[in-house]
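Q: How does the following fold in three dimensions:
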Amino acid sequence: MSETDERATRAMSGTGDHWLVPGKEMVVAVCGGLTHDGHPMLDAAGQLARLHEIRERTPLSEAEGIDRRRLQLVRSIDRWMTLTTPVPYHEVGTFDATVGQVVDRLAERVTQVCVTLAYAPDSVVDTAWSRVYELADAYQDLVDGLCAGTHRVPDAS
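A: Take a look at the predicted model:
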């Protein structure tokens, strides 16, 4: 069991905020480097952002280990969501991505804005932040639907 999975298991064995699904603002903030109080999903989101930052500087031939770790974190987010959200109603809509996949994309985009585009013209940065906010809205719609039991995600195989 990985360190993240162990922390998630410990956090989920108690009560409190570790069972609350983080909102879009918190996920974006954590991907941008904000520290938080050890929430398992936010831990994974922060790690994903750091991995995207490292991946930007890593030759493609050496990125396999980073991508493998990203996949592990995506799956840990998806497992956590499965444990914290109700079973969806029988006939509900299916989103085209899992929560972990959306958080990974958010981490990538926030990292791109904060690191890669740090010295880009304002118009380029503004456009990139707009894309982050659009994806953050999609994340919020996804988790709201999952928490209400009105949507499901595809199998994360």
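Q: Spit out the contact partners of residue 54.
A: residue 66 (Cβ atoms under 8 Å, 6 or more residues apart in numbering). (Glycine included, C-beta is placed from N, CA and C.)
Q: What distance do you get for it to residue 113?
A: From residue 54 across to residue 113, the span is 17 Å (Cβ to Cβ, to the nearest Å).
Q: With residue 72 instead?
A: Counting by Cβ to Cβ, the gap from residue 72 to residue 113 is 25 Å.
Q: of those two, who's got more company?
A: residue 113 (22 against 15; other Cβ atoms under 10 Å).
Q: if I look at the residue most central in space within the chain, how far off is residue 87?
A: Geometric centre of the chain, nearest residue: residue 103, 2.2 Å, by Cα atoms, centre = their mean. Distance, residue 103 to residue 87, by Cβ to Cβ: 21 Å.
Q: where do the strands sit along this structure?
A: 93-94, 151-152 (DSSP state E).
Q: Compare the mean pLDDT across those and name the weakest.
A: Mean pLDDT is lowest for strand 93-94 among the strands of the chain, at a mean of 88.
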